[in-house]
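>>> Sharing a model prediction with you, sequence too.
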Amino acid sequence: MPTRLTGNWRLFVGLLALALVAACGAPAAQVEPIRIGVIAPLTGQFVENGISTRQAADLAIKDINAQGGLLVDGVRRPVVLIYGDDQDNPEIAVNVAKRMINQDKVVALVGLPFSRMAIPVANIAEQARIPLISSTSTNPKTTAGKKYVFRVTFTDPFQGSVMAQFARNDLKVERAAVLYDEASDYNRGIAEVFKQVFTESGGTVVSFEPYITGATDFRAALGRIKANQAQVLFLPNYYTEVPLQAQQARELGMDIPLLGSDGWDIKALAPLPELDGAYISQSWHPDTANPPAQVFIKAYQAAYNGAVPYDIEANTYDTFGLLFQAIQNQKSSDPEAIRAGLANLRYTGVTGQITFHGSGDPAKIAVIVQFKDGTNVFHQSVNPP
């Protein structure tokens, strides 16, 4: 015999049915993504660096999002990249950073491979208390006096010292010359360190020749260098300038070794005959790959048609590894928590061991690479003091 429902039971059953319908039809709660700002030269004469930055960043994000995102307090949160083109212009870089911080609400900034962009943006990040990790900015001003700014690579004083000691101790030269852009913090800083260390080690810098950004005729300075009988020429300049400088030096009959810094682009410059035999400092080389680096190289080549990654790609990938590890260790994507996590992090990445000891500068090795027969070969590693 059927049982008649009372009014209260009818209400209960009705509410239960509505709840079941709502549960079945309701969309899952949206998980707030973690937004990270990536600033790089995505157009202009240094676009290749921007492309390298973007490819390494995309690969890092693909890897972490394939796992469902970053695990924060038991919840997987996807990572979203906000890209900004600095156009190799410090003012534009600053405006991009302000937009990302104030409008896009990023929790951190990465990229900024060039010091002339990284330095002013670092000031903005510090004021806003937003962590910033530069991939390859080497100028000390980027991190000096800051709590929220970090880098993955070495600094200019270290690489300038490395190349000066290499010239004295390995090449056994006594007379060196330097041609550098005095308007650039990067070029000038490395040049000054090279001169100091080379002189302190008993050598003589016979010519210390400045030029201004945009110069195209270096013959007068190179003529003085030749007349002063330099045995080696140090060019701590960007890869867009070096080919013309080397070409004009060779045209003047200078067959001395050329030395460079990490501003030289291996892929672009190694094939040039006028640079054959040159030695440059880099923060990483694929021939030095540790186990994490071997995995990275395979993944990068699979993603980008067999292209070989070099220091900018490896350092960019490590910026994300550091950031992800800090977020997961702190179980928070709050910028203050990320900063604290980075400051106390010990991380083994593609480019090796990365640890920060009271500053945003890690103690990193340098590698010396030689251009030989149109390619590049690892020559030696140099440990930090």
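Okay, I see it. Residues are numbered from 1 along each chain as shown.
>>> In contact with residue 222, which residues?
Residue 222 sits next to 179, 209, 245, 248-249, 252, 254 when contact means C-beta atoms under 8 Å, 6 or more residues apart in numbering. Yep, even glycine has a C-beta here, placed from its N, CA and C like the rest.
>>> Kindly report the same for residue 100.
Residue 100 touches 37, 39, 82, 84, 106, 109, counting by C-beta under 8 Å, 6+ apart.
>>> May I see those residues organised as a markdown table, with secondary structure, distance to residue 91 and neighbour count added?
Below are the contacts of residue 100 laid out as a markdown table (DSSP: H, G, I helix; E, B strand; the rest coil; distance: C-beta to C-beta, whole Å; neighbours: other C-beta atoms under 10 Å):
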| residue | secondary structure | distance to residue 91 | neighbour count |
| --- | --- | --- | --- |
| 37 | strand | 17 | 26 |
| 39 | strand | 13 | 28 |
| 82 | strand | 19 | 17 |
| 84 | strand | 13 | 23 |
| 106 | coil | 20 | 24 |
| 109 | strand | 16 | 31 |
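>>> In JSON lines, list these along with pLDDT.
Output for the contacts of residue 100, formatted as JSON lines (pLDDT from 0 to 100):
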{"residue": "37", "pLDDT": "98"}
{"residue": "39", "pLDDT": "98"}
{"residue": "82", "pLDDT": "98"}
{"residue": "84", "pLDDT": "98"}
{"residue": "106", "pLDDT": "98"}
{"residue": "109", "pLDDT": "98"}
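>>> Need these in JSON lines (columns: distance to residue 370).
Shown next, in JSON lines, are these (distance: C-beta to C-beta, whole Å):
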{"residue": "37", "distance to residue 370": "37"}
{"residue": "39", "distance to residue 370": "32"}
{"residue": "82", "distance to residue 370": "39"}
{"residue": "84", "distance to residue 370": "36"}
{"residue": "106", "distance to residue 370": "40"}
{"residue": "109", "distance to residue 370": "35"}
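>>> with those in mind, which one is nearest to residue 213?
Nearest to residue 213 among the contacts of residue 100 is residue 39, at 20.9 Å by C-beta to C-beta.
>>> Which neighbouring elements make contact with the helix or strand hosting residue 38?
When elements are assigned from DSSP states H and E, residue 38 belongs to strand 34-40. Packing contacts for strand 34-40, counted by 3 or more C-beta pairs under 8 Å, 6 or more residues apart in numbering; DSSP states H and E, involve helix 47-65, strand 79-85, helix 90-99, strand 108-111, helix 311-330.
>>> Going by residue numbers, what spans are helices in the stretch 201-350 of the chain?
219-227, 242-251, 266-269, 291-303, 311-330, 335-343 (DSSP state H, counting those that start in this stretch).
>>> Quick one: closest of the ones you listed to residue 50.
That would be helix 311-330 among those, by C-beta to C-beta, at 9.7 Å.
>>> Could you tell me which residues within that closest one count as buried?
By neighbour count on 16 or more other C-beta atoms under 10 Å, the buried set for helix 311-330 is 311-327, 329-330.
>>> And for stretch 140-157?
140-143, 146, 148-157.
>>> Among the residues you listed, which are located in strands?
Within the buried residues of stretch 140-157, residues falling in strands by DSSP state E are 149-151.
>>> which one among those gets closest to residue 75?
Among these, and counting by C-beta to C-beta, the member closest to residue 75 is residue 150, at 26.0 Å.
>>> Which residue, other than its chain neighbours, is closest to the closest one?
In space, and not counting its chain neighbours, residue 150 is closest to residue 360: 3.9 Å by C-beta to C-beta, 6 or more residues apart in numbering.
>>> One more: residue 38?
In space, residue 38 comes closest to residue 111 once its chain neighbours are excluded; the distance is 4.6 Å by C-beta to C-beta, 6+ apart.
>>> tell me the contacts of that neighbour?
37-40, 53, 57, 134-135, 316, 319 are the contacts of residue 111 under C-beta under 8 Å, 6+ apart.
>>> Could you do residue 162 as well?
By C-beta under 8 Å, 6+ apart, the contact list for residue 162 reads 281, 366, 368, 382.
>>> quick one: which of those is most hemmed in?
For the contacts of residue 162, the largest neighbour count, defined by other C-beta atoms under 10 Å, is 28 neighbours, found at residue 281.
>>> who does it bridge with?
residue 368 (DSSP bridges).
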